[in-house]
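Q: prediction below, plus the sequence it came from.
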Amino acid sequence: MKHVSIVGAAALALCAGAQAQKSAADGIAEYRKMLEDGNPAELFEAKGEALWKQKRGPKNASLEQCDLGKGPGIVKGAFVELPRYFADTKKVQDLESRLVTCMEALQGFNGVEIAKTAFGRGEMANVTALATWIAGESRGMRFNLPQNHPEEQKSYEIGKRTFFYRAGPYDFSCAGCHGEDGKRIRMQDLPNLTKNPGDGIGFAAWPAYRVSNGQMWSMQLRLNDCYRQQRFPYPGFGSEVTIALGTYMGVNAKGAESIAPAIKR
Amino acid sequence: MNRSSWMAVAAAGFFAAGCATLPSSTELDRLALEAHKASFSDRGIAKADRINQDLAQAACSSDKPPSESVAKRLEAEALKTVKMPADGKFIGDWKEGEKLAQSGRGMTWTDESADPKANGANCYNCHQISKQEISYGTIGPSLYNYGKLRGVKDPADPAAKAMVEYTWGKLWNSKAYSACSNMPRFGHMGILNEAQLKHLMALLLDPNSPVNQ
């Protein structure tokens, strides 16, 4: 027995270089698996559902008549078809910007003020909770963004150009990190977002609860922080480039199963 | 007009409306630029004008690389920007280089200063460098044994001159050797100063650096 373990130890020492790499990656995968057992995003889902039904705002109304693209009040399946074109605003909107439209139209909130609010604060925190619940209502469904309206096609084309747009002091673009298969930053795997990266990966995982900072991150915040790390200036909430990127990633993810709200390191 | 010609007119109108609505590729390029100008604003040290592209950035902003002739021209222009160290010394302290390589800080809207002294070099985010650090990225090639593999035994030896100058040029303006390189132009864009670049040179080329063990 003793002999065997010495041989085992020697073999381990010999492979230490290769093994260290593998075990670190395995360790992270294991950690992620453990996290899935209890996702605090559930708390935000519950908050979002309550906010949807609650009479609020200057007009003291609920959001239950909000049209997320499939008709007033239809929540199930809406998430996997956004961003899409809305005839009333004559714009392509993502889930969050659409929610602000509904909060303005139905409840009487000031949409411009909400868009200017920091993530995690005031009504912006409510938008995130609502988006988390609405995403969860499409859990297990597959992305299938509409691309029939010319504005939706235009949004995709602008999103594609935005994805490859290099600028700033570091010359970074989205594509620099997310344009090829099998790349990573440090130990973090990077999905290739120029195509369907697979079920529950990339666009199909957000909103997500971030364990590292204990925050619920919406897709708008996810993109905002990407741009921060790209060393770009500050992208406006619901701005055209952020929605166009959503259209680009969402259309590319056609057929991918949504696991949102996910949990991330 | 009979019934079928009415239908033809209606169909022609329908298709004209359907096809004419998606703008041309050039027009979409212009709309994308406009969208960028409208979408970003100043925040801290990250001013909105960071959206404005120089020629090298603009030429490398699509899913297709620029033509070979354009790439060659961009590389030649980039090479002209490389400033060799004023005192002719290329090699600093590899230990300082390792610290810089580890740091991914700098130049974001949450950083207070754009002074190179506040910036890291971000190397491990994309490259394997020393064998000891297992948390490294893979966007760039492995730099483990960088100097050793290139036969640099003494960076001060005239035999190493070409490799030393190439490495300095790559750090100063990566686009001098690959027009659309993903690597930042650390010297050219004022991300790192001369002293910091020398420390990175030592990390890569000093025979005593862990990179070359």
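A: Yep, that arrived. Residues are numbered from 1 along each chain as shown, chains lettered A, B, ... in the order given.
Q: buried sites along the host helix or strand of residue B:28?
A: Here residue B:28 is covered by helix B:25-39, with elements defined by DSSP states H and E. Buried residues in helix B:25-39, counting neighbours by 16 or more other Cβ atoms under 10 Å in any protein chain shown, are found at B:28-29, B:31-33, B:35-36, B:39. All C-beta spots, glycine's among them, are computed from the backbone N, C-alpha and C.
Q: so the nearest residue to residue B:156 once chain neighbours are set aside: helix, strand or coil?
A: In space, and not counting its chain neighbours, residue B:156 is closest to residue B:91: 7.5 Å by Cβ to Cβ, 6 or more residues apart in numbering or on different chains. Secondary structure state of residue B:91, per DSSP: H, G, I helix; E, B strand; the rest coil, is coil.
Q: hang on, isn't residue B:91 packed against residue B:202?
A: Yes: using Cβ atoms under 8 Å, residue B:91 is in contact with residue B:202, at 4.9 Å.
Q: strands of the chain, start to end?
A: The chain I'm using is chain A. According to DSSP state E, chain A carries its strands in the segments A:84-86, A:91-93, A:183-185, A:188-190, A:208-210, A:215-217, A:234-235, A:262-264.
Q: actually chain B
A: B:40-41.
Q: and it, what are its domain boundaries?
A: B:3-66, B:81-212 (automatic domain parsing).
Q: which of these is buried the deepest?
A: For the domains of chain B, the largest average neighbour count (mean count of other Cβ atoms under 10 Å in any protein chain shown) is found in domain B:81-212, namely a mean of 18.
Q: could you give the mean pLDDT of it?
A: The pLDDT scores in domain B:81-212 average 97.
Q: what's the end-to-end length of it?
A: Domain B:81-212 has its terminal residues 29 Å apart, counting by Cα to Cα, to the nearest Å.
Q: also stretch A:206-214?
A: Taking Cα to Cα, stretch A:206-214 runs 15 Å from one end to the other.
Q: rewinding a little: format the buried residues of helix B:25-39 as TSV; extra columns: pLDDT and distance to chain A.
A: Below are the buried residues of helix B:25-39 laid out as TSV (pLDDT from 0 to 100; distance: Cβ to the nearest Cβ, whole Å):
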residue	pLDDT	distance to chain A
B:28	97	5
B:29	96	7
B:31	97	6
B:32	98	4
B:33	97	8
B:35	98	4
B:36	98	6
B:39	98	4
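Q: could you export those as a markdown table, including distance to residue B:109?
A: Listed next are the buried residues of helix B:25-39 as a markdown table, based on distance: Cβ to Cβ, whole Å:
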| residue | distance to residue B:109 |
| --- | --- |
| B:28 | 28 |
| B:29 | 27 |
| B:31 | 26 |
| B:32 | 22 |
| B:33 | 21 |
| B:35 | 20 |
| B:36 | 16 |
| B:39 | 14 |
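Q: quick one: contacts for the residue most central in space within chain A?
A: Most central in chain A under Cα atoms, centre = their mean is residue A:206, positioned 2.6 Å from the mean C-alpha point. The contact partners of residue A:206, by Cβ atoms under 8 Å, 6 or more residues apart in numbering or on different chains, come to A:135, A:217-219, A:222, A:260-262.
Q: name the nearest residue to it, sequence neighbours excluded.
A: Going by Cβ to Cβ, 6+ apart, residue A:206 has residue A:219 as its nearest residue, at 4.6 Å.
Q: equivalent analysis for residue A:229, please.
A: Closest to residue A:229 by Cβ to Cβ, 6+ apart is residue B:108, at 6.5 Å.
Q: model confidence for the nearest residue to residue A:198 once chain neighbours are set aside, exactly?
A: Using Cβ to Cβ, 6+ apart and skipping the chain neighbours, the partner closest in space to residue A:198 is residue A:256 (6.4 Å). pLDDT recorded at residue A:256 is 98.
Q: got it, and the one 4 residues further on?
A: Model confidence at residue A:260, given as pLDDT, is 95.
Q: now it: how far from chain B?
A: As defined by Cβ to the nearest Cβ, to the nearest Å, residue A:260 lies at a distance of 24 Å from chain B.
Q: list the contacts for the closest residue to that residue other than its chain neighbours?
A: What sits nearest to residue A:260 in space, not counting adjacent residues and going by Cβ to Cβ, 6+ apart, is residue A:135, at 4.0 Å. Residue A:135 makes contact with A:79, A:95, A:206-207, A:258, A:260-261, according to Cβ under 8 Å, 6+ apart.
Q: what's the answer for residue A:85, then?
A: A:91-92, A:146, A:149, A:151-152, A:155.
Q: looking at those residues, state which has the most neighbours.
A: residue A:155 (30 neighbours; other Cβ atoms under 10 Å in any protein chain shown).
Q: surely it and residue A:244 touch.
A: Yes: applying Cβ under 8 Å, one finds residue A:155 in contact with residue A:244, separated by 5.0 Å.
Q: what is in contact with those two at once?
A: With Cβ under 8 Å, 6+ apart, residue A:155 and residue A:244 have common neighbours residue A:92.
Q: so, low pLDDT: which residues of the stretch 1-150 of chain A?
A: Counting by pLDDT under 70, the stretch 1-150 of chain A has low-confidence residues at A:1-25, A:32, A:36.
Q: give me the neighbour count for residue A:49.
A: Residue A:49: 18 neighbours (other Cβ under 10 Å).
Q: in helices, which of the contacts of residue A:85 fall?
A: Among these, the members falling in helices are A:151-152, A:155 (criterion: DSSP state H).
Q: picking up where we left off before, and the furthest pair within the contacts of residue A:85?
A: Farthest pair in those (Cβ to Cβ) is A:91 and A:146. Separation: 14.1 Å.
Q: now residue A:257. Nearest residue, chain neighbours left out?
A: Among residues not flanking residue A:257 along the chain, residue A:199 sits closest, at 3.9 Å (Cβ to Cβ, 6+ apart).
Q: can you pull the contacts of the one you found?
A: Contacts of residue A:199 (Cβ under 8 Å, 6+ apart): A:256-257, A:259.
Q: likewise residue A:216?
A: Residues near residue A:216 by Cβ under 8 Å, 6+ apart: A:40-41, A:44, A:120, A:128-129, A:132, A:207-210, A:261.
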